[in-house]
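J.: Have a look at this prediction, sequence included:
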Amino acid sequence: AFSECKSLTNIEIPTSVDTIRNYAFEGCSGLTSIKIPAGVTSIGDGAFLGCSGLTSIVVDSKNKYYDSRDNCNAIIDTVTNTLISGCSKTVIPDSVTKIEERAFAGCSGLTNITIPEGVTSIGNDAFSGCSGLTNIAIPEAVTHIGSYAFGECSGLTSITIPEGVTSIGTGTFSCCSSLSDITLSNGLVEIYNGAFSGCSALKSITIPDSVTTIEYHAFQGCSSLTSITIPEGVTRIDFSTFWGCSGLTKVTLPESMTDIGNGAFQDCSSLTSITLPEKVTSIGTATFRGCSSLISITLPESITDIGYEAFERCSGLTSIILPDSVVSIGAAAFWDCSSLASIEIPSSVTTIENCAFKNCKNLTNVKLHDGLVSIGYGVFSYCDNLTSIEIPSSITSIGDSAFEGCSSLISIEIPSSVTSIGRHAFYDLSLI
């Protein structure tokens, strides 16, 4: 009804009104006070969401459904003791047991709030966007913290999760850019997607041994995080979990790990080395893409697949040993690994996909084995220092631009097994 009326500073709700619908006053940032009449029986979701200028909330004392007990400057559901809407001047009464979804969402003027010991649940988005909030203590009785409950609380510096909380919800502390100190509960089992994404001040965090699930984007953009140890029991690092953790130098993975998702460590530009556990069978798309300081990685004998762009732009990588278990090297897997000097492709590999080693400027030694059937488009293109290569007799196809721009390549012998040579396969070479 009045959504986004930013110039609205005052309104008197008629006594005849019995329902305030969902988002009725959403975004009325100039509104400073509101009084709920005695006849109101229903207040919808987000009715006062984003009313950042509110300093006074009063419910008529004759209302049977809602109250502002103890002059708390909030709306409380009388029967359930749930605080459903607050403001920057709210004092939460001790009798409140639940903070509803979006209760304080967008209250940018809120700088301090005490949650009573009797509160057991903090709903989705309850304090999201409270950018002025610098400190908050979560009571030990709390067992549930909803998705985005503290999202974009950019002034929040520390948080302790109570022992009764078993999961951190989606985006619960996302974009808390000043959050540098986090203590997780020993009973924590699940860290859901984006839980701490964008916590750019976070330097360290201890993940309890009880944790079994870490979902996608959980720590994405935690650019100050320097080390992380994943506990035993975790079997998968989901996609983009640590994407953009540019300060991360050390990662310890558990032996229980079987799967590392796409982009899991993408753009972790300070990571220098990592050892993959023996149960990991594949390296997903862009898993280590942009890890420009990575100079050493140990691949277990269990690895069968190296995914698309898996190590693209790992410009510090000088060598890598591909185990005999590898059967597939994805497109652009090592593109722009400009320090890579040598590579041996196991005989188990039958196809090297497009652009797998493109722009590997320092690549001088390539060893291919019988068993390889095709070399895809642009696989070794612009490997400027490659002077020679022996094509095995198992090869039947050399793709377009396969060796284009290999300006130091002066000789190459093509076996009689080759039946197809693509366009520009040897373009711009110095063959003699």
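T.: That came in fine, so what should we check first? Computed from a prediction, not measured in an experiment: that's the story for all the values here. Numbering: from 1, shown residues only.

J.: And stretch 378-389, what's buried?
T.: 378-384, 386, 389 (16 or more other Cβ atoms under 10 Å). (C-beta placed from N, C-alpha, C; glycine too.)

J.: and what of stretch 309-327?
T.: 309-317, 320, 322, 326.

J.: Can you dump the C-alpha atoms of it in PDB for me?
T.: Provided in PDB are the C-alpha atoms of stretch 309-327 (Å, rounded to 0.1, in the frame of the first residue of the first chain):
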ATOM      1  CA  GLU A 309      40.100 -25.300 -16.900                       C
ATOM      2  CA  ALA A 310      41.200 -27.300 -13.800                       C
ATOM      3  CA  PHE A 311      44.600 -25.500 -13.600                       C
ATOM      4  CA  GLU A 312      44.100 -22.700 -16.000                       C
ATOM      5  CA  ARG A 313      46.300 -19.600 -15.200                       C
ATOM      6  CA  CYS A 314      48.300 -21.500 -12.500                       C
ATOM      7  CA  SER A 315      51.200 -19.400 -13.700                       C
ATOM      8  CA  GLY A 316      53.600 -20.600 -10.900                       C
ATOM      9  CA  LEU A 317      53.100 -24.300 -11.600                       C
ATOM     10  CA  THR A 318      56.500 -25.600 -12.800                       C
ATOM     11  CA  SER A 319      55.800 -29.300 -12.900                       C
ATOM     12  CA  ILE A 320      53.000 -31.800 -12.300                       C
ATOM     13  CA  ILE A 321      53.000 -35.600 -12.300                       C
ATOM     14  CA  LEU A 322      49.900 -37.100 -13.900                       C
ATOM     15  CA  PRO A 323      49.300 -40.600 -12.400                       C
ATOM     16  CA  ASP A 324      48.700 -43.600 -14.700                       C
ATOM     17  CA  SER A 325      45.100 -43.600 -13.500                       C
ATOM     18  CA  VAL A 326      44.300 -40.400 -15.500                       C
ATOM     19  CA  VAL A 327      42.100 -41.200 -18.500                       C
END
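
J.: mind checking how far that stretch is from the chain centre?
T.: From the chain centre to the centre of stretch 309-327 is a distance of 24 Å (Cα atoms, centre = their mean, to the nearest Å).

J.: Could you measure from C406 over to G376?
T.: Counting by Cβ to Cβ, to the nearest Å, the separation of C406 from G376 is 15 Å.

J.: what about those two, which has more around it?
T.: C406 (25 against 20; other Cβ atoms under 10 Å).

J.: first to last residue in stretch 292-304, what's the distance?
T.: End-to-end distance for stretch 292-304, by Cα to Cα, to the nearest Å: 24 Å.

J.: so how many other residues sit close to T15?
T.: When neighbours are counted by other Cβ under 10 Å, T15 comes out with 11.

J.: OK, contacts around it?
T.: Contacts of T15 were listed using Cβ atoms under 8 Å, 6 or more residues apart in numbering, and they are 37-39.

J.: where do the strands sit along the stretch 1-150 of the chain?
T.: 19-20, 33-36, 42-43, 56-59, 66-67, 75-77, 82-85, 98-99, 121-122, 144-145 (DSSP state E, counting those that start in this stretch).

J.: partners of the first one in the sheet?
T.: Using DSSP bridges, the strands paired with strand 19-20 are strand 42-43 (parallel).

J.: List the contacts of the strand it pairs with.
T.: Contacts of strand 42-43 (Cβ under 8 Å, 6+ apart): 18-20, 36, 65-66, 75, 84-85.

J.: Give me the buried subset of the residues you listed.
T.: 20, 36, 65-66, 75, 84-85.

J.: And the residues you listed, which is closest to S167?
T.: Distance to S167 across the buried ones among the contacts of strand 42-43 (Cβ to Cβ) is lowest for I84, with 23.5 Å.

J.: Excluding residues flanking it in the chain, which one is nearest the closest one?
T.: E100 (4.3 Å; Cβ to Cβ, 6 or more residues apart in numbering).

J.: And for the one you found, the neighbour number?
T.: Neighbours of E100 (other Cβ under 10 Å): 25.

J.: circling back: which of the contacts of strand 42-43 sit farthest apart?
T.: Across the contacts of strand 42-43 (Cβ to Cβ), the longest gap, 17.2 Å, separates D18 and S85.

J.: Now distance to T170 and pLDDT too, for the buried residues of stretch 378-389, in a markdown table please.
T.: What follows is the buried residues of stretch 378-389, written out as a markdown table (distance: Cβ to Cβ, whole Å; pLDDT from 0 to 100):
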| residue | distance to T170 | pLDDT |
| --- | --- | --- |
| G378 | 40 | 97 |
| V379 | 40 | 98 |
| F380 | 43 | 97 |
| S381 | 42 | 97 |
| Y382 | 43 | 97 |
| C383 | 44 | 96 |
| D384 | 46 | 93 |
| L386 | 47 | 94 |
| I389 | 49 | 92 |
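
J.: now the closest residue to V373 other than its chain neighbours: how far from V326?
T.: Spatial nearest neighbour of V373, excluding adjacent residues (Cβ to Cβ, 6+ apart): T350 at 4.8 Å. According to Cβ to Cβ, T350 and V326 sit 11 Å apart.

J.: Other residues contacting the helix or strand bottoming out on mean pLDDT in the chain?
T.: Ranking every helix and strand in the chain by mean pLDDT, DSSP states H and E puts strand 296-298 at the bottom, with a mean of 91. When contacts are defined by Cβ under 8 Å, 6+ apart, strand 296-298 is touched by residues 272-276, 288, 317, 320.

J.: how distant is that strand from the center of its chain?
T.: The mean C-alpha position of strand 296-298 is separated from the chain mean by 23 Å, Cα atoms, centre = their mean.
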